[in-house]
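K.L.:
only geometry, no sequence info:
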Ligand SMILES: CC(=O)SCCNC(=O)CCNC(=O)[C@H](O)C(C)(C)COP(=O)(O)OP(=O)(O)OC[C@H]1O[C@@H](n2cnc3c(N)ncnc32)[C@H](O)[C@@H]1OP(=O)(O)O
Ligand SMILES: O=CC(=O)O
Ligand SMILES: [Mg+2]
């Protein structure tokens, strides 16, 4: 039996044969056979740890790894093209957006299979095809309005973010198991492009999302070693930046850098998932409740503490600490709202640069020049890793609850944004502008998690004293759905209704659902299968 006979592909779309070649499938099978068991065990560990937290266990820095925190070690030296990352643009793996992002003037482009992408089979396969073409500098695009897109001579350094460990790619089965989405995204990009990237003078670079424990970073490191050995590429060629975007990972920053040290390209503050993770991990705790979403900002003391701890930890280990995403994007046809959006992004980036970040993320090409100017002023050198800091952050600082009120407007926004975002996701878009803000899977997670918590928490009351009951939420969901249907002139009505059902289940389900993308993905798979019939 050939190795490729072990794989079955549930969907068939044009051109997938250029990505799912026999060699690539063989590589995916090997990754699956070697690492999927460990992935599943680590996911079980996440569940048992959640049970412990539900029973009252609080987070603290780990005893078992104190040697790693207290001893002197550094990550391996970084390649030259990762030394200056002052502006990093992110975006989905859409063909036009890849070209725009690579041409945007940013130092780095993070091509995102994760928070910014809806994982339809079409998006995932075409994303791989687009990246393959981009790496070979053979990517172009003609839009329906006749605008032509091609790469500039100088482009951003490409970094790819595969999906997180919790997700599966249900269109690919190895024997009777669905493939891990992380191994699928990583494996295909690495297999097709690692050598070409090296010939281009760069390398296979990754962002790693939603890690909850240092052993999950160890798993990635072992995947990297195996992948490099399999293709005969020197160990340490892969470089990966880990997003610190779960509350548990905030207590294990040193450990995560240590696990990946020959492959590490530092840490990034994934602020939106971090807020979500805090609410999720402590959803059962009566001393934890967050106010309206817009009141939880990087100025909130627990968020400032976390980003400062990331910077301090990285610099101690000679690693870059990259800042996060301000959600403001340029506002069309409203000069003062546009100015306000730019001012907010400027203030956010000034704080990050002054605190010691070595670069940061932007959501939109229109923000690149602004953020570059801020970092040029605040950071005249290629990075500021040499700035060794001692912010003296404690567990208590990381766990401080942000103060503030819960309002009816805040509840309505969460419900409306949640339903509108899930609708876009079911339509194949993973990042969308809503109310002049970038919304993606991470920001939408906060919205639905807050509604779940406010319904159940004794302090889940509006400022005027009304309780946030299921009945009240139900009424608001119906009203917001009607408003959305009218706003979109009843286009995508079926999708809105499906999104409302998914959102409602997420907030009514007694057990907190780990990720909204899990039930929403089931819907995508069902729809894909229907289309294929
Ligand atoms: C929490 C996190 O994980 S953050 C990281 C994940 N999230 C993201 O990456 C979101 C990235 N940003 C985006 O997807 C987009 O900016 C959105 C959805 C927020 C707004 O997109 P749009 O409504 O299309 O913006 P807008 O109409 O102003 O775009 C103007 C042009 O800029 C392009 N553009 C906008 N954002 C990007 C981007 N991030 N990358 C590349 N091109 C972009 C558009 O494609 C458009 O190009 P065109 O003029 O050639 O047609
Ligand atoms: O991935 C980034 C985040 O903020 O979440
Ligand atoms: Mg995230």
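P.N.:
Sure thing, it's come through. These figures come from a predicted structure and were not determined experimentally. Ligands and ions are numbered 1, 2, ... in the order given.
K.L.:
can you list the residues of the stretch 1-150 of the chain near ligand 3?
P.N.:
Within reach of ligand 3 by C-beta under 5 Å from the ion, the stretch 1-150 of the chain has these residues: residue 115. C-beta coordinates here come from the backbone N, C-alpha and C atoms, glycine included.
K.L.:
how about the strands of the stretch 1-150 of the chain, start to end?
P.N.:
7-9, 87-92, 108-112, 140-142, 148-150 (DSSP state E, counting those that start in this stretch).
K.L.:
any idea which of these scores lowest on pLDDT?
P.N.:
Mean pLDDT is lowest for strand 7-9 out of these, coming in at a mean of 93.
K.L.:
buried residues, that strand. List them.
P.N.:
In terms of neighbour count (16 or more other C-beta atoms under 10 Å), strand 7-9 has its buried residues at residue 7.
K.L.:
quick one: contacts of it?
P.N.:
Residues from elsewhere that reach strand 7-9 (C-beta atoms under 8 Å, 6 or more residues apart in numbering): 16, 20, 25, 28, 29, 171, 172, 173, 174.
K.L.:
what's the answer for stretch 514-533, then?
P.N.:
Under C-beta under 8 Å, 6+ apart, the answer for stretch 514-533 is 10-12, 118-121, 166-167, 170-171, 280, 422, 425-426, 441, 444-445, 448, 498, 502, 505-506, 513.
K.L.:
out of the residues you listed, which end up buried?
P.N.:
Among the contacts of stretch 514-533, those classed as buried by 16+ other C-beta under 10 Å are 11, 118-121, 166-167, 170-171, 280, 422, 425-426, 441, 444-445, 448, 498, 502, 506, 513.
K.L.:
just the ones of those in strands?
P.N.:
Within those, residues falling in strands by DSSP state E are 170, 171.
K.L.:
thought residue 115 was touching residue 276?
P.N.:
No: applying C-beta atoms under 8 Å as the test, residue 115 and residue 276 come out as separate, 10.5 Å apart.
K.L.:
which neighbours do those two share?
P.N.:
Shared contacts of residue 115 and residue 276 (C-beta under 8 Å, 6+ apart): residue 442.
K.L.:
which residue ranges form the helices in the stretch 1-150 of the chain?
P.N.:
Assigned by DSSP state H, counting those that start in this stretch, the helices in the stretch 1-150 of the chain fall at 22-54, 66-70, 95-102, 121-135.
K.L.:
of those helices, which approaches ligand 2 most closely?
P.N.:
Ligand 2 lies closest to helix 95-102 among the helices of the stretch 1-150 of the chain, at 15.6 Å (C-beta to the nearest ligand atom).
K.L.:
check which residues of the helix or strand bottoming out on mean pLDDT in the chain are buried.
P.N.:
Within the chain, no helix or strand scores below helix 517-532, which has a mean of 89 by mean pLDDT, DSSP states H and E. Within helix 517-532, the residues that count as buried by 16+ other C-beta under 10 Å are 517, 519, 520, 521, 523, 524, 525, 528.
K.L.:
that one: how far from the chain's middle?
P.N.:
With C-alpha atoms, centre = their mean, to the nearest Å as the basis, helix 517-532 stands 21 Å off its chain's centre.
K.L.:
over to stretch 454-469?
P.N.:
Per C-alpha atoms, centre = their mean, the displacement of stretch 454-469 from the mean C-alpha position of its chain is 30 Å.
K.L.:
same check on stretch 180-200?
P.N.:
So, by C-alpha atoms, centre = their mean, the centroid of stretch 180-200 is 19 Å from its chain's centroid.
K.L.:
contact partners of it?
P.N.:
Residues from elsewhere that reach stretch 180-200, judged by C-beta under 8 Å, 6+ apart: 19-20, 23-24, 27-28, 31-32, 35-36, 39, 113, 119, 124, 128, 131-132, 135-136, 158, 160, 162-165, 167-169, 172, 203-206, 223, 227-228, 231, 233, 237-238.
K.L.:
what is the burial count for the closest residue to ligand 3 within the stretch 251-400 of the chain?
P.N.:
Closest to ligand 3 within the stretch 251-400 of the chain is residue 273: 3.5 Å, counting by C-beta to the ion. For residue 273, the count of nearby residues is 28 (other C-beta atoms under 10 Å).
K.L.:
and what of residue 122?
P.N.:
Applying other C-beta under 10 Å, we find 16 residues neighbouring residue 122.
K.L.:
residue contacts, the residue positioned nearest the centre of the chain?
P.N.:
Relative to the mean C-alpha position of the chain, the nearest C-alpha, by C-alpha atoms, centre = their mean, is the one of residue 115, at 4.3 Å. By C-beta under 8 Å, 6+ apart, the contact set of residue 115 is 161, 209, 272, 273, 430, 431, 440, 441, 442.
K.L.:
next: residue 504.
P.N.:
Going by C-beta under 8 Å, 6+ apart, residue 504 touches 474, 477.
K.L.:
and it, what helix or strand is that in?
P.N.:
Residue 504 belongs to helix 493-508 when assigned by DSSP states H and E.
K.L.:
check the offset of that helix from the chain's centre.
P.N.:
Centroid displacement of helix 493-508 relative to its chain, using C-alpha atoms, centre = their mean, is 23 Å.
K.L.:
can you check the pLDDT for residue 192?
P.N.:
With respect to pLDDT, residue 192 scores 98.
K.L.:
mind checking how far it is from ligand 3?
P.N.:
Taking C-beta to the ion, to the nearest Å as the measure, residue 192 falls 25 Å from ligand 3.
K.L.:
residue 447: how many residues sit nearby?
P.N.:
The local packing count at residue 447 equals 28, with neighbours defined by other C-beta under 10 Å.
K.L.:
and it, how far from residue 279?
P.N.:
10 Å (C-beta to C-beta, to the nearest Å).
K.L.:
next: residue 20.
P.N.:
Going from residue 20 to residue 279 by C-beta to C-beta gives 38 Å.
K.L.:
is residue 288 in a helix, a strand, or coil?
P.N.:
Under DSSP: H, G, I helix; E, B strand; the rest coil, the three-state class of residue 288 is coil.
K.L.:
okay then, goodbye and thanks.
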